[in-house]
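Student: Predicted model follows, preceded by the sequence.
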Amino acid sequence: MPVREILQLGNPALLEKSRPVKNIDSSSLRVLIVDLRDTLLAFRNDHGFGRAIAAPQIGMHEQIIYVNLENSSFAGALINPVITRRSKTQREIWDSCFSFPELMVRVSRSEDVTVNYVDENGTRTRLDADGDLAELLQHEIDHLEGILAVKRAISPTAFMTRTEWLRQAQPE
């Protein structure tokens, strides 16, 4: 399937809410899932990072995210995902996004969450996630609501280029 263009910061389509998927068995849904997977893997290959992508990032306003974590067995589509529980404990992280790959944003996210979703086989599933996976799911589900990480910045100065972020993370 084709690798799709990733919409970039400033494109108003990124701010639109996505609609729930109604037909889990449709061939168009299967094609979209493969396109999300291929686009994610191509981005990771080109940029050296990337763990998940949301359908709105390729211009499709359906509630689907695709996750592929390196060094983990967790990979696949989450259809109509909903966060049903958020911990009160928060953690601050530097967040990045395929839609603005050269920008890092300092955000605060719940340390752990519970997400209900439908998997690619149509099975209703519940996922209890913490740490990096919890942060990732919150980021991707935000995309489905038209919310970008830049809106979640903890302050007006909570931005850094990826080059500077890498330099600070790995001082000489």
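Tutor: Cool, got the structure.

Student: and the one helix or strand A77 maps to, which strands flank it?
Tutor: Element membership of A77, judged by DSSP states H and E, is strand 75-86. Using DSSP bridges, the strands paired with strand 75-86 are strand 64-68 (antiparallel), strand 112-118 (antiparallel).

Student: average pLDDT for the shortest one?
Tutor: So that's strand 64-68. In this model, strand 64-68 carries a mean pLDDT of 97.

Student: Over to the last one?
Tutor: When pLDDT is averaged over strand 112-118, the result is 98.

Student: Make sure A134 is indeed in a strand.
Tutor: No. Secondary structure of A134 (DSSP: H, G, I helix; E, B strand; the rest coil): helix, not part of a strand.

Student: check contacts around it.
Tutor: Neighbouring residues of A134 by Cβ atoms under 8 Å, 6 or more residues apart in numbering: 109-113. Heads up, the C-betas are built off the backbone N, CA and C, glycines and all.

Student: Show me the strands in this structure, by range?
Tutor: Secondary structure of the chain, counting by DSSP state E: strands at 52-54, 64-68, 75-86, 90-95, 103-110, 112-118, 124-130, 159-161.

Student: out of those strands, nearest to G146?
Tutor: Taking Cβ to Cβ, strand 52-54 is the member of these nearest to G146, at 10.4 Å.

Student: Find the centremost residue of the protein, please.
Tutor: Most central residue of the chain, judged by C-alpha distance to the mean C-alpha position with Cα atoms, centre = their mean, is E140 at 2.8 Å.

Student: Spit out the contact partners of that one.
Tutor: E140 touches 52-54, 65, 67, 78, 81, counting by Cβ under 8 Å, 6+ apart.

Student: Can you give me the pLDDT of it?
Tutor: In this prediction E140 is given a pLDDT of 98.

Student: that older thread, nearest to T89, out of the strands paired with strand 75-86?
Tutor: strand 112-118 (7.5 Å).

Student: For that closest one, which residues meet the burial criterion?
Tutor: Buried residues in strand 112-118, defined by neighbour count with 16 or more other Cβ atoms under 10 Å: 112-115, 117-118.

Student: With stretch 5-23 instead?
Tutor: Residues of stretch 5-23 classed as buried by neighbour count (16+ other Cβ under 10 Å): 6-7, 14, 18, 21.

Student: Now render those residues as CSV, adding distance to P156.
Tutor: Output for the buried residues of stretch 5-23, formatted as CSV (distance: Cβ to Cβ, whole Å):
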residue, distance to P156
I6, 26
L7, 24
L14, 21
S18, 28
V21, 37
